[in-house]
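Q: How does the following fold in three dimensions:
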Amino acid sequence: MAELDLHEQEQVDAFKAWWKENGNWIIGIVLLGALAFAGNQYWRNHQASQAADAAKLYGEVLQQVESRDAKRIGDAADALANRYGDSAYAPRAQLLAAQASLQARDAARAKVQLQWVVEHAGETALQDTARLKLASVLLDEKQYDAALQQLAAAHPASFSGLYADLKGDVLLAMGKTADARVAYQLALDKTDAKSTYRNLIQLKLDGLGSAQ
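A: Got it, this is the predicted structure:
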């Protein structure tokens, strides 16, 4: 029994020596793990809180939309973009604000709002929508080259018909009838056969007459 006690004491002494040498390192590893877990939990909670706050501000934008006051809508959208520009709500708010600005005939502010969406939106569909609208504004301002530059941006196939159609409008405004016809034909080819939008494109093509 005494030998067993001695053996146990030797194990205890060996463990103490090992712990003295490695204890701080192990505590550090455990502490780092605990901090990482706590940090991850904090980040998740922070993200949830951020999303809730962004949603609240987006609700304020929607309330301002009902007022039809372009300045108030734009200011609310800017407040959301400044505080939660990475949220999914910010680009949507800017698109709503741009529409209000255009209705108020404030094309300058609308272009700034649309450009913000192009540069900051995390969703391709929102960026493509903003580019189309921006190109349309530039067309109205007779800034044809700038409009074509927007329409030259890469975009998914689902937007090809819309991009080609608007490109046809720009080229036609520039007096490039043959090029416009090609763009409209592409738009027709890229638009779903069941879409009523094809009728408008076909009317544009028919209005150009047959190719010489």
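Q: Where do the strands of this structure begin and end?
A: Applying DSSP state E to the chain gives no strands.
Q: just the helices in it please.
A: 2-67, 70-84, 89-103, 107-120, 124-140, 144-151, 160-173, 177-190, 197-208 (DSSP state H).
Q: In stretch 156-176, which residues are buried?
A: Within stretch 156-176, the residues that count as buried by 16 or more other C-beta atoms under 10 Å are 159, 161-172, 174. (C-beta placed from N, C-alpha, C; glycine too.)
Q: do you know how far L162 is from D78?
A: L162 sits 27 Å away from D78 when distances are taken as C-beta to C-beta, to the nearest Å.
Q: any idea which residue sits dead centre in the chain?
A: In the chain, the centroid-proximal residue (C-alpha atoms, centre = their mean) is A121; its distance is 2.0 Å.
Q: which stretches of the chain have low pLDDT?
A: Scanning the chain for pLDDT under 70 picks out the ranges 1-50, 210-212.
Q: quick check: domain ranges of it?
A: 19-122, 145-212 (automatic domain parsing).
Q: burial count for A178?
A: Neighbourhood size, A178 [other C-beta atoms under 10 Å]: 11.
Q: Tell me how far it lies from R198.
A: Applying C-beta to C-beta to A178 and R198 gives a distance of 21 Å.
Q: What values do phi and psi take at the nearest residue to A70 once chain neighbours are set aside?
A: Spatially, and ignoring its direct neighbours in sequence, A70 is nearest to A104 (3.7 Å; C-beta to C-beta, 6 or more residues apart in numbering). The phi/psi pair for A104 (degrees, to the nearest 10) reads phi -90, psi 10.
Q: And A104, how far from Y184?
A: From A104 to Y184 the distance is 31 Å (C-beta to C-beta).
Q: Which of these two has more residues huddled nearby?
A: Y184 (26 against 16).
Q: these two touch, right, that one and D206?
A: No - using C-beta atoms under 8 Å, Y184 and D206 do not qualify as a contacting pair, with a distance of 9.7 Å.
Q: just to revisit the earlier point, who touches the residue nearest to the centre of the chain in this structure?
A: By C-beta atoms under 8 Å, 6 or more residues apart in numbering, the residues touching A121 are P91, Q127, A130.
Q: rerun that using 10 Å as the cut-off
A: Each residue near A121 by C-beta atoms under 10 Å, 6 or more residues apart in numbering is listed here: G85, A88, A90, P91, R92, Q94, L95, Q127, D128, T129, A130.
Q: Q103 too?
A: Contacts of Q103 (C-beta under 10 Å, 6+ apart): R68, A70, I73, A110.
Q: Quick check on these: which are buried?
A: By 16+ other C-beta under 10 Å, the contacts of Q103 give A70, I73, A110 as buried.
Q: Roughly how far does the first one sit from R92?
A: Right, A70. Applying C-beta to C-beta to A70 and R92 gives a distance of 17 Å.
Q: Same check on D53?
A: Taken as C-beta to C-beta, the span from D53 to R92 is 15 Å.
Q: The two: which is more packed in?
A: Taking other C-beta under 10 Å, D53 and R92 do not tie; R92 has more neighbours (19 against 15).
Q: T177 and L205 touch, don't they?
A: No - counting by C-beta atoms under 10 Å, T177 does not reach L205; the two are 11.2 Å apart.
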